[in-house]
Each structure stands twice: as structure tokens, then as C-alpha cells.
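Q: Predicted model and sequence below, questions to follow.
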Amino acid sequence: MDTAPLHDDTATRPQGWRSVVADWSSDQRSFKEASWGKVMMWIFLLSDTFIFGCFLLSYMTVRMSTTMPWPNPSEVFALEIGGAHLPLILIAVMTFVLISSSGTMAMAVNYAYRRDRRKTTALVLLTALFGALFVGMQAFEWSKLIQEGVRPWENPFGAAQFGAAFFTITGFHGTHVTIGVVILLVIARKIWRREFDNQQPGFLTGRKGRYEMVEIAGLYWHFVDLVWVFIFALFYLW
Amino acid sequence: MAHASTSASIAEAGQQHPIRIYLLVWSWLFVLSFFSYLVDLFHLQGLLRWSLILVFMMLKAGLIVAVFMHMRWERLALIYAILIPPALVLVFAALMIVEADHTLLTRQTFLGPEGG
């Protein structure tokens, strides 16, 4: 199945919104130019969107319905660095680290399609390093809050629901980042060992290795960054 | 055979774009994140705060999905299939806003201000 050629008669295919009707009502496949590996990743990401959507909606519901004042995230996540009081600084740094990792991932995908093995490996490893740095800072943030007495059922700052929302949302996101780092390390190893150049099948599959796997792993990584954009805006800034 | 090899090369060349556009989007994401942080730093409040936060959030999300995830170069059949379902989450959000308001009202009426 993986060798099924993708159609290259793009010019004869309808464009605009009519292409939606034409593609969906055609035979064999609805997604004409995306490989099924990529489509499957997109569908997985769509399901993951609903999971994070439900978490953020639950957070919205408990925050709106509590009669207790909600803790001010700007102050809860402030740090004292060199005597200066910096509100929300750790979260800002984490945001920049994750955006940088998304940038290096995009570059890695680009170099992968240029068949530049060294640069691709280096950029994927750099992305994994940024990801690990992000998880490390999150571990620091968790330890700090736990030390200050924040629990899923209570906290010294205000509404008890704060802890439940915080640990669930950031915990799930951190888990996603951690899984992403592992995937990136596996991909980096495969690129370095020329498994994509030589089309070697993977450990768990008989399918041939190919550089598109870098792009598919990249989709997952960008999604993790995307979710953080929403968490940063709705949980930390709101 | 010739046909198969051209198809394969098209599939592999797939998402090949100039590096400049990635660097441009990358720097925009930095700028927009910095602006979001400034919203908090300057203690902007009320409608201005919420609208700025949401605008920066949607711009960043749009840039990531469109360019980094290559969505703008995919066919509409895939774009609609992936982007329309999450929009329905907004309906869910509207339902939960009504629900949360009702819960708050009930708590204020029967439990008093310390009711949790």
C-alpha cells in the first residue's frame, strides 16, 4: 500500500470549493495529494484537539461557576530573580523555548526534503533538546507550586478548582511534549543511520523508511506547540 | 514505470518551500508571544485584555497551522475535514457558559459567598 502512487494530474482536477465536492465524491481516496500516513496523523491530531478542548472547556466551566476568587496566575507564576520581581516570567521563557523548537522542527522538515542528512539530524536533535528543556522547566514549576501547597483539591491562593485545572492541563501537555521528545530521538537516530536514504523498514513495521516521516513527526511536534498557544492564552494570561 | 517514478518524486518533493518563509513565521511567532506577555506585564484589564489575548492567540495558531504544518498548501478537502470539526467546540463552549452561569447563580442563592 505504501507504494501506491499519488495522482499527479493536479492540473485537470477542479480547484476552489468545487474541489471539495469532487474530492469527497471521487473513488478510491478523498485526500488526493496527502499520503495516508500524513492524513492519519492529522486525524489523530483532530481527536487530540477534542481532548484538550474538553480540558479547557472544563477549566472554563469551573472557573466561571466558583464563588471563590480565582488565583491570579500572573502572581502565582512570578519568580524572584536577582531581587527583581518578575510576573509570569517562567511561563514566558517556556513559551519562547517551545516556539524555538517549532522553528527548528520546521527547518528540519525542510532540510529532510533536501536530503541533507547532517543538518536534518542536527535540527531534529536541537528540537528534542528544546523539548527536554521545556519539560525540565515544567518540572521546576510543578515542584515550586507543590511546595507552596497547591494540590488538585486545595491551594492557598483562592478557588480550590485552580489546582485540578492546572495539574490536569499542564500535566497532559507535558506528557505530550515528553512523548514528542522520544519520537524525535527515534527519528534522529533513523536519519543518522541513513534508514530513510536506504528505505529500511522500521522496528515495528514492514513499511519502508522515507523522509516524509520527518514531516509527520513534525506535524505532531507543531501540534504540541499549538496546544501551548491556547493554554498560554486561556490559562496563564486570562 | 516512468509514470510511477514521476508520481513518487512528486510525493517526496511534497512540501518543499523556501526557508525564508519559515524564518519569517518564526520571528512573527516571537513578536506575537512577546506582545501577549506585555499584555500581562502592563496589567491591561477588561475588554482590551481579553480581545488582545484572543487576537494574538488566533494569529499564532493560524501561522503555526498554515505554514509550519503546511495546511495552506494542502487541498481544500483535507483543510475542511480537519479545521471545521474543532470549530464546533465553540457550540460546546456556548452550552457550558450557560451551564456555568446557572451553577454560579444556584451557588450564590443557596450556599452564600463561601459556598465553593
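A: Arrived safely. Remember, it's a predicted structure, so these values are computed and weren't measured experimentally. Residues are numbered from 1 along each chain as shown, chains lettered A, B, ... in the order given.
Q: quick one: least confident helix or strand in chain B?
A: helix B:2-13 (a mean of 44; mean pLDDT, DSSP states H and E).
Q: So which other helices or strands are in contact with the helix or strand following that one?
A: Later in the chain than helix B:2-13, the nearest helix or strand by DSSP states H and E is helix B:19-41. In terms of contacts (3 or more CB pairs under 8 Å, 6 or more residues apart in numbering or on different chains; DSSP states H and E), helix B:19-41 is packed against helix A:89-113, helix B:46-63. The way it works is simple: take the backbone N, C-alpha and C, and place the C-beta from them, glycine included.
Q: Go through those helices and name the closest to B:Leu88.
A: Minimum separation from B:Leu88 across those (CB to CB) falls at helix B:46-63, 16.5 Å.
Q: Which neighbouring elements make contact with that closest one?
A: Using 3+ CB pairs under 8 Å, 6+ apart, the elements in contact with helix B:46-63 are helix A:212-231, helix B:19-41.
Q: In a markdown table, list those along with mean pLDDT and mean neighbour count.
A: Listed next are the helices and strands packed on helix B:46-63 as a markdown table, based on pLDDT from 0 to 100; neighbours: other CB atoms under 10 Å in any protein chain shown:
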| stretch | mean pLDDT | mean neighbour count |
| --- | --- | --- |
| helix A:212-231 | 96 | 24 |
| helix B:19-41 | 93 | 16 |
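Q: closest to A:Ala34 out of those?
A: helix A:212-231 (10.1 Å).
Q: anything in that closest one near chain B?
A: Yes: shown here: helix A:212-231 in contact with chain B (CB under 8 Å from any CB of the partner chain) through A:212, A:215, A:218-219, A:222-223, A:225-226, A:229-230.
Q: Which member of the residues you listed is positioned nearest A:Ala92?
A: Using CB to CB, A:Val229 comes nearest to A:Ala92 of these, at 13.2 Å.
Q: Leaving out chain neighbours, which residue sits closest to the closest one?
A: B:Lys60 (4.8 Å; CB to CB, 6 or more residues apart in numbering or on different chains).
Q: you'd agree that neighbour is up against B:Ser33?
A: Yes: applying CB atoms under 8 Å, one finds B:Lys60 in contact with B:Ser33, separated by 7.0 Å.
Q: domains for chain B, by residue range?
A: According to automatic domain parsing, chain B comprises the domains B:1-73, B:75-116.
Q: if you look at the shortest one, does any of it touch chain A?
A: Yes: among the residues of domain B:75-116, B:75-78, B:80-82, B:85-86, B:89, B:92-93, B:96-97, B:99-101, B:103-104, B:107-108, B:111-116 lie within reach of chain A under CB under 8 Å from any CB.
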